[in-house]
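Q: Based on what follows, work out the 3D shape:
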Amino acid sequence: MDKKLRNRTLLLLLLAGIVAFVLIKISGRQPVAKIAAVKPFRENIVSSITSNGKVEPISPYSIRAQLDTFVEKVSVNEGQNVKKGQLLLELNVKDAASQLANAQSRLLRAQEDLRAARAGGRTDDAARVAGDLAKAIGDRDGLQRHHESLVRLLAEGAATKDELAANDLALTKAQAEVNRLTAVKKEFERQVSLDGSRGELAVQQAQSDVAALEDKVRQGRITAPADGTLYAFPVKAGDYVKVGDLLAEMADLRQVRVRAFIDEPEMGGLEPGLPVKITWDALPNRTWSGKTEMTPKQVVPHASRSVGELLCSVENTKLELLPNTNVNVRINSRERLNVLAVPRGTVEILGGLSFVFVVKDSVGKTVLEKRRIQVGIADATNYEVVSGLTTDDTVALPGDADFRDGMWVKVVNLDTSKSAGGDGASH
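A: From the prediction side, this is the model:
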């Protein structure tokens, strides 16, 4: 009896197992993933590039010391708006002023010497040389006439040979003096010609010295070269400055330039004329507008990045953006209005191709279909869908489960808040 009961019990358990196995196979039940989904929606998408940049003046003026000296007086403050010609500071130029006075005196003497040389020499010297020669010629000519007279008188017996010999000796000496003074006059004239050439060089050198020293003296008064803002003014009264040291930097800051550092992969969408928004952490509630002007011409290292330097012009009418400040840059490179879109997280990109998982009803069950789509531009949250989806489709949102084609799912949260005609309900 116990044996029969035991066999019957084993048979019942076997039958129960077989029935359970058959029921499972017949029902085909598998674990069902619970997912959230979304309807494709119409959206305005603006593709933007965000990066950092530095503010620069467009037409800066750098004023540097032209001589080694001390700062005598300061008339303005850093950050002050100044007018063209306004005095900024004064340098000690007393030594240069003294040297200028000496150079001007040398110039006057050189000019006087040049005028004398061009006039044939100094008047007194020229008159003396010419007078001496004229007197010697006169003396010689007188002796020559007396010689001729003595020759006649000697023939008539009215003069002696000794008188004629004495006169001839004096005539010879007079001729020698004429020859000497003629040579002196020629040398004087040659020297005057040389003095003229040297005088021209001396005047030119003196003029150059005067001009250089006048420039140094003028550099003692540093004035604003244009209207603008004095954004750098590193000196104060009593400072010693050397040639080339920076005294001041200024520019018209109503229009500034931002040098934006764009990562290499994002450079392809850049072109002149794109709208730009600038923010600065120091003034978090302010935004400045501008546009791109000069696109990068090369890639350069910047910290740990490879970037192109994009130049953007920016309006700064309130003079709030200061040169050399670090700012945030957003460039709106492309814009699409009222295009079909899906969240970025729903799109899977493999080998350059884009896919989404579409929720499909299939014979009483809900499954995922892996579908290839074509995407366009993207913003921070959404992709533009060019083809492959309509507003009637339902796209799976990523979650805990790993999606695969044909996977059974149950939609527990369907977001239709952005879909065409959607009422914002979730199911």
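
Q: quick one, strands of the stretch 251-400 of the chain?
A: 255-263, 275-280, 283-294, 299-302, 305-315, 326-343, 348-350, 353-362, 365-378, 382-387, 395-397 (DSSP state E, counting those that start in this stretch).

Q: Reformat those strands as a markdown table; add distance to residue 236.
A: Glycine gets a C-beta too; all of them are placed from N, C-alpha and C. Shown next, in a markdown table, are the strands of the stretch 251-400 of the chain (distance: least, CB to CB, whole Å):
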| stretch | distance to residue 236 |
| --- | --- |
| strand 255-263 | 27 |
| strand 275-280 | 29 |
| strand 283-294 | 29 |
| strand 299-302 | 35 |
| strand 305-315 | 32 |
| strand 326-343 | 27 |
| strand 348-350 | 60 |
| strand 353-362 | 63 |
| strand 365-378 | 54 |
| strand 382-387 | 56 |
| strand 395-397 | 64 |
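
Q: Save those as TSV, and put in mean pLDDT and distance to residue 7 too.
A: Shown next, in TSV, are the strands of the stretch 251-400 of the chain (pLDDT from 0 to 100; distance: least, CB to CB, whole Å):
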stretch	mean pLDDT	distance to residue 7
strand 255-263	92	79
strand 275-280	94	85
strand 283-294	92	85
strand 299-302	88	85
strand 305-315	92	81
strand 326-343	90	63
strand 348-350	91	58
strand 353-362	92	46
strand 365-378	92	42
strand 382-387	93	67
strand 395-397	95	53
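
Q: which intervals of this structure have sub-threshold pLDDT?
A: Across the chain, the ranges flagged by pLDDT under 70 are 1-5, 17, 19-30, 114, 116-127, 188-189, 192-199, 419-427.

Q: where along it do the helices fall?
A: 2-27, 94-118, 123-156, 161-218 (DSSP state H).

Q: Now do the domain split for this protein, please.
A: 28-46+337-415, 49-58+253-335, 65-91+220-249, 94-217 (automatic domain parsing).

Q: from the middle of its chain, how far away would the second one be?
A: Computed by CA atoms, centre = their mean, to the nearest Å, the separation of domain 49-58+253-335 from the middle of its chain amounts to 14 Å.

Q: next one: the longest one
A: Distance of domain 94-217 from the chain centroid (CA atoms, centre = their mean) equals 65 Å.

Q: in stretch 220-228, what counts as buried?
A: 220, 222, 224, 228 (16 or more other CB atoms under 10 Å).

Q: In strands, which of the residues you listed appear?
A: 222, 228 (DSSP state E).

Q: just to revisit the earlier point, tell me which of the helices of the chain sits nearest to residue 359.
A: Each of those has some distance to residue 359 by CB to CB; the shortest is helix 2-27, at 22.2 Å.

Q: List the residues that contact the spatially closest residue to residue 384 that is not a sequence neighbour.
A: Distances taken as CB to CB, 6 or more residues apart in numbering place residue 376 nearest to residue 384, at 3.6 Å, with adjacent residues excluded. Each residue near residue 376 by CB atoms under 8 Å, 6 or more residues apart in numbering is listed here: 45, 336, 339, 383, 384, 385, 386.

Q: now residue 275
A: Residue 275 makes contacts with 289, 290, 291, 331, 332, as judged by CB under 8 Å, 6+ apart.

Q: same question, residue 135
A: Residue 135 makes no contacts at all, as judged by CB under 8 Å, 6+ apart.

Q: For residue 174, see how far away it is.
A: 10 Å (CB to CB, to the nearest Å).

Q: ok, now residue 32?
A: Distance, residue 32 to residue 174, by CB to CB: 147 Å.

Q: Show me which of these two is the more surrounded one.
A: residue 174 (19 against 12; other CB atoms under 10 Å).

Q: Could you double-check that residue 70 lies in contact with residue 90?
A: No. Proximity of residue 70 to residue 90 does not meet the contact threshold set by CB atoms under 8 Å, at 10.1 Å.

Q: So those two - more neighbours on which side?
A: Per other CB under 10 Å, whichever of residue 70 and residue 90 has more neighbours is residue 90, with 15 against 12.

Q: which residues touch residue 250?
A: Here residue 250 is in contact with 60, 61, 63, 82, 224, 225, 226, 228, 229, 230, 231, 232 (criterion: CB under 8 Å, 6+ apart).

Q: Need the residues you listed in JSON lines (columns: distance to residue 301).
A: Converted to JSON lines, the contacts of residue 250 look like this (distance: CB to CB, whole Å):
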{"residue": "60", "distance to residue 301": "25"}
{"residue": "61", "distance to residue 301": "30"}
{"residue": "63", "distance to residue 301": "32"}
{"residue": "82", "distance to residue 301": "38"}
{"residue": "224", "distance to residue 301": "37"}
{"residue": "225", "distance to residue 301": "35"}
{"residue": "226", "distance to residue 301": "35"}
{"residue": "228", "distance to residue 301": "33"}
{"residue": "229", "distance to residue 301": "32"}
{"residue": "230", "distance to residue 301": "33"}
{"residue": "231", "distance to residue 301": "28"}
{"residue": "232", "distance to residue 301": "27"}
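
Q: what two of the residues you listed are the furthest from one another?
A: Between all members of the contacts of residue 250, the farthest pair (by CB to CB) comes out as 226 and 232, at 15.1 Å.

Q: To what extent is residue 147 buried, counted in neighbours?
A: Neighbours around residue 147, by other CB under 10 Å: 14.

Q: Distance of it relative to residue 65?
A: Going from residue 147 to residue 65 by CB to CB gives 80 Å.
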